[in-house]
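S.K.: With the sequence up front, the predicted model follows.
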Amino acid sequence: MSTRLGQLVESLGGQLIGNPDILITGMAALDGAGPQHITFLSNPKLRAQACSSAAGALILTELDHAVVSKTYHGAFVITQNPYAYYARAAQFFQALHALPVVPGVHASAVVHPDAIVASSAVIGPNVTIEAGAEIGEDCVIGAGCFIGRSARLGKATVFHPNVSFLTNCSIGMRGIIQSGAVIGGDGFGFANDKGAWIKIPQTGGVIIGDDVEIGCNTTIDRGALDSTIIEDGVKLDNQIQIGHNCVIGAHTAMAGCVGVAGSTKIGSHCTFGGAAMVLGHLRIADKVHVSSGSLVSRSILEAGQYTGFYPLAKNADWEKSAAIVRNLDAMRKRLRELEKTIKLLSEINLEKNSEKNNSSLQKVGEN
Amino acid sequence: MSTRLGQLVESLGGQLIGNPDILITGMAALDGAGPQHITFLSNPKLRAQACSSAAGALILTELDHAVVSKTYHGAFVITQNPYAYYARAAQFFQALHALPVVPGVHASAVVHPDAIVASSAVIGPNVTIEAGAEIGEDCVIGAGCFIGRSARLGKATVFHPNVSFLTNCSIGMRGIIQSGAVIGGDGFGFANDKGAWIKIPQTGGVIIGDDVEIGCNTTIDRGALDSTIIEDGVKLDNQIQIGHNCVIGAHTAMAGCVGVAGSTKIGSHCTFGGAAMVLGHLRIADKVHVSSGSLVSRSILEAGQYTGFYPLAKNADWEKSAAIVRNLDAMRKRLRELEKTIKLLSEINLEKNSEKNNSSLQKVGEN
Amino acid sequence: MSTRLGQLVESLGGQLIGNPDILITGMAALDGAGPQHITFLSNPKLRAQACSSAAGALILTELDHAVVSKTYHGAFVITQNPYAYYARAAQFFQALHALPVVPGVHASAVVHPDAIVASSAVIGPNVTIEAGAEIGEDCVIGAGCFIGRSARLGKATVFHPNVSFLTNCSIGMRGIIQSGAVIGGDGFGFANDKGAWIKIPQTGGVIIGDDVEIGCNTTIDRGALDSTIIEDGVKLDNQIQIGHNCVIGAHTAMAGCVGVAGSTKIGSHCTFGGAAMVLGHLRIADKVHVSSGSLVSRSILEAGQYTGFYPLAKNADWEKSAAIVRNLDAMRKRLRELEKTIKLLSEINLEKNSEKNNSSLQKVGEN
């Protein structure tokens, strides 16, 4: 199946330079594209690759066009944000190639009679849906998913196979939950009484907004008394853990393996690099960006980029540095001792060199 | 459904000050509670919130009571450990509100004829139970769980949906396993022979004691020859990985994303903060507390709090610090050089200032 | 069931010293073995345990034999690599004790009529297999697994229960995927357009070679345009995350909780310790070994051992060291100031001590 390039540009906008009648079957990478593909240039480092690409059409900025058009001979689609255009074009072709969806509940699915499933929804094999759950229009529930009592799914939300979406949790419209994710497990709440742990029942839910994507094997715990909240447009990658009663602000994105401990409230438009960890009961402002592998051990009240991981080194070098890190306090003491000694030495020398006006030595004495 | 406050206190203990006949429907947080709720004050920082809470009753210490009773007008339940009382009260209300349980095996579950399922147990939809498995009285097995050959579950253990509990594993009484957890996957054991990895069959099991809780998507590997052991009262949060042949001592608790490599033996009453990692073949004493994000690279033989993570900073500051960390050895050499030089300078000055008895300079010479 | 020791050695090689007719039922650890067991000594630290082992037979090197044979009275199997011999012997006994496999599709499994399942394959309860999928000879698919459209499994590959193996993914021969793993989830790809994230459809697959093992709850994302590639002989432990478009080279092994961000290409014969994290778009050479807990933030082009984690300390000591780490730049400035001062002091002293030829002081001036 293919589309006229002109039709694509009519749908998505941008300025077309070239033949609108060429037929495009889909997206491809710069180096793998043929005449039937459209590709994109969003990283100026790849200009050389773009120049020699065999793609039928190329999405790029006006600036890059000025350079690339000298050697590349296909059509151009000019836009301010080629990467976003790529995303939309790929969605266009995904819809074009999509298999027809047949609404209905698979015979092997177990749907409680008190659950409400929209007639346009698709419920896959071996799915379980409990009493009181509501599945909105156009939802697609993959094989083996579990949807607990009174859970609610908004219109056009998709669960990939083997998702666990537990009692009283809700998600808005156009959500995507990848395989193996667990929404609504009990928060980790225990009171210690003379050495033994007493479980605190977790009776809150998880409330997820619209346009949220949750990655494979990611876990979001239900709240203890109130609910855990994931606001609109949040994107969570795989194997992320969100503790009970967290709030993740709108359009915040987290890469794989991030962990957020309980009751932390994160602002909107934040990003967290892979394996960043955030302790509990903190506040993170809007537009905070945390680098991969960093542990956030205190609240961050100001937007900006924050980092904290140990620099990688050859093992032998690391062993030296780490040994010193462990003894930095001793090193600091030696430094202080030197400063004192030098102050004394300087004073002695100053006395003897009173004819010389040595400001540098005086400065040492002030440290 | 509600309960008389007097009845709650008769069940759980504590000293009631106020009207025993008010009706309570459940727990709520200090700021969300109304007259039908009981709430608790365990953190003295929240005294002001407690003073103005609209809750019908308040659990707190005698000390806090002295302060809060001046302005709060509901009933009091006085106890030494309000947080533990909260846990027990929440359990009380959970039982009060619990839906009736209907024992039996769902028609869609696949139970091998050689498995033994207690008549009071509940087996959910799409569950698979293999030959020789034993499911104790009052167990509840959620939809989609898998219980392997000869696995054993003690009385009143609960599996949430989509747990994998594999061949020959066992868990004691009153256990809780959250969704997506995998107990008894093969340990990571390979012998290297000329560059290729030869799999070592993992023939041990996983033996889990009583009152253990295991979080969502947590994985505990079976032992290579002997078994992996999780002792009574252990609490594991989500996405924890326990390697083969580990022993986790009684009442030890681990927050989310912790990893413990194979053959490590951890004592009892330890705690591990989120994302702490423990290398293999180590010994950790009782009552060791490891801070979040710390890597335990050696055995810890003494109780206490241990920490090791890189401090978070603004990215620009981190870049400076990290660059220096990488070159700490050079910095130490410069320090040594200075010390030597100063020793020399001091000696020269001492010679020339023999009339001055300068102990500070002499001290430098001894470093 | 047991085997003659002579028969075992005929199958696996090595030099037998002792009675070939003793009967062995299986492997056991040095300290748990009885006369019916064979055990192994691969760590010289355990020689004493070997000397007093009650095992019927002992696998060891010639060097260890010279020592142990003085006191140990069972049979010996001498080999250059006792650990690899142990792996093969354990495989031998696993095959000996294996339950008979009954090929066929369980009645509760949902297999699309357009899927191809080899007649020797075993498809467990509650499995879903979609259209176009191909399951090779001798494959075993555990209960609750999902196998998506057009997925392909080579001969003798085993999926433990509850694996999700999604559309268009493929794995070669003799693969093992542990429970809860998800292969082919969408890569984490979003374009940011004025603060909102636009999903980039992930249309590549995951291509996995022969003899690959993938651990419990590990996730491997499908590629954005091209595919994610896992080469032959790769071994991945539990809870590992591999981002889209990564390439993991042949025979590379990763311990639990490792994360690799998108588009990183890792060479062959590498090893990654537990919880090591690798950022995206990097290149890692062959035979690179990364220590546990290290964050790889740049490409590594040379074989070797690399490390980068913060050393663990008693919490009080850590607090001091971490505070200094945060202020290392200030410490470096103080050091520079001292060096300048000492240079000055040295010059003054040199002038006054021109009779003394003090090379050490001169050296300071050159820093």
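M.R.: Sure thing, it's come through. Residues are numbered from 1 along each chain as shown, chains lettered A, B, ... in the order given.

S.K.: Please make it C-alpha for all contacts and neighbour counts, starting now.
M.R.: Fine.

S.K.: So A:V67: helix, strand or coil?
M.R.: helix (DSSP: H, G, I helix; E, B strand; the rest coil).

S.K.: And for A:I348?
M.R.: Under three-state DSSP, A:I348 falls in the helix class.

S.K.: same question, the one 3 residues further on
M.R.: Here A:E351 is helix, with the state taken from three-state DSSP.

S.K.: What is the neighbour count of it?
M.R.: For A:E351, the tally of surrounding residues (other C-alpha atoms under 10 Å in any protein chain shown) stands at 11.

S.K.: tell me the domain ranges of chain A?
M.R.: What automatic domain parsing lists as the domains of chain A is A:3-97, A:105-306, A:317-366.

S.K.: Would you format those domains as a markdown table with distance to B:P311 included?
M.R.: Listed next are the domains of chain A as a markdown table, based on distance: least, C-alpha to C-alpha, whole Å:
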| stretch | distance to B:P311 |
| --- | --- |
| domain A:3-97 | 33 |
| domain A:105-306 | 7 |
| domain A:317-366 | 12 |
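
S.K.: from those, which stretch is densest packed?
M.R.: Comparing the domains of chain A by mean neighbour count (mean count of other C-alpha atoms under 10 Å in any protein chain shown), domain A:105-306 ranks first with a mean of 24.

S.K.: For that one, measure first residue to last.
M.R.: Domain A:105-306 stretches 48 Å from its first residue to its last (C-alpha to C-alpha, to the nearest Å).

S.K.: Please compute how far it lies from its chain's middle.
M.R.: Centroid displacement of domain A:105-306 relative to its chain, using C-alpha atoms, centre = their mean, to the nearest Å, is 13 Å.

S.K.: quick check: mean pLDDT across that domain?
M.R.: Mean pLDDT, computed over domain A:105-306, is 98.

S.K.: Then stretch A:315-333?
M.R.: 93.

S.K.: what's near enough to touch the spatially closest residue to A:M1 that is not a sequence neighbour?
M.R.: Distances taken as C-alpha to C-alpha, 6 or more residues apart in numbering or on different chains place A:T25 nearest to A:M1, at 6.1 Å, with adjacent residues excluded. Applying C-alpha atoms under 8 Å, 6 or more residues apart in numbering or on different chains, one finds that A:T25 lies in contact with A:1-3, A:36-37, A:93.

S.K.: Swap in 6 Å and give it another go.
M.R.: A:T25 sits next to A:2, A:36-37 when contact means C-alpha atoms under 6 Å, 6 or more residues apart in numbering or on different chains.

S.K.: Just the ones of those in strands?
M.R.: Applying DSSP state E to the contacts of A:T25, the entries found in strands are A:H37.

S.K.: could you dump the contacts of A:T25 to a markdown table with pLDDT and distance to B:K155?
M.R.: Below are the contacts of A:T25 laid out as a markdown table (pLDDT from 0 to 100; distance: C-alpha to C-alpha, whole Å):
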| residue | pLDDT | distance to B:K155 |
| --- | --- | --- |
| A:S2 | 93 | 61 |
| A:Q36 | 97 | 64 |
| A:H37 | 97 | 61 |
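
S.K.: Make JSON lines from the contacts of A:T25 and add distance to chain B to it.
M.R.: Formatted as JSON lines, the contacts of A:T25 follow (distance: C-alpha to the nearest C-alpha, whole Å):
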{"residue": "A:S2", "distance to chain B": "41"}
{"residue": "A:Q36", "distance to chain B": "42"}
{"residue": "A:H37", "distance to chain B": "40"}
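
S.K.: three-state assignment of the nearest residue to A:D193 once chain neighbours are set aside?
M.R.: Sequence neighbours aside, B:A84 is the residue nearest to A:D193 in space, at 6.2 Å (criterion: C-alpha to C-alpha, 6+ apart). Three-state call for B:A84 (three-state DSSP): helix.

S.K.: give me the residue from the stretch 151-300 of chain A nearest chain B.
M.R.: A:I200 (4.4 Å; C-alpha to the nearest C-alpha).

S.K.: Go ahead and confirm that residue touches A:N192.
M.R.: No - counting by C-alpha atoms under 6 Å, A:I200 stays clear of A:N192, with 10.3 Å between them.

S.K.: I'd guessed the residue nearest to A:D193 sits against A:A191; true?
M.R.: Yes - the pair B:A84 / A:A191 is scored as a contact, 4.9 Å apart, by C-alpha under 6 Å.

S.K.: Return the residues in contact with A:P103.
M.R.: Contacts of A:P103 by C-alpha under 6 Å, 6+ apart are A:120-122.

S.K.: For it, which non-adjacent residue is spatially closest?
M.R.: Using C-alpha to C-alpha, 6+ apart and skipping the chain neighbours, the partner closest in space to A:P103 is A:V122 (4.6 Å).

S.K.: In this structure A:E134 contacts A:I116, no?
M.R.: Yes - using C-alpha under 6 Å, A:E134 is in contact with A:I116, at 4.7 Å.

S.K.: So which bits of chain A are right by chain C?
M.R.: Contacts of chain A with chain C, taken as C-alpha under 6 Å from any C-alpha of the partner chain, map to A:83-84, A:87, A:90, A:237, A:310-315, A:328.

S.K.: could I have stretch A:267-274 exported to CSV, CA atoms only?
M.R.: Presented in CSV, the C-alpha positions along stretch A:267-274 are these (Å, rounded to 0.1, in the frame of the first residue of the first chain):
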residue,chain,number,x,y,z
GLY,A,267,6.3,18.9,38.2
SER,A,268,5.4,19.1,34.6
HIS,A,269,7.7,19.0,31.6
CYS,A,270,10.4,17.3,33.5
THR,A,271,12.7,14.6,32.0
PHE,A,272,14.6,11.9,33.8
GLY,A,273,17.4,10.0,32.2
GLY,A,274,17.6,6.2,32.4
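
S.K.: who touches it?
M.R.: By C-alpha under 6 Å, 6+ apart, stretch A:267-274 touches A:249-258, A:284-292.
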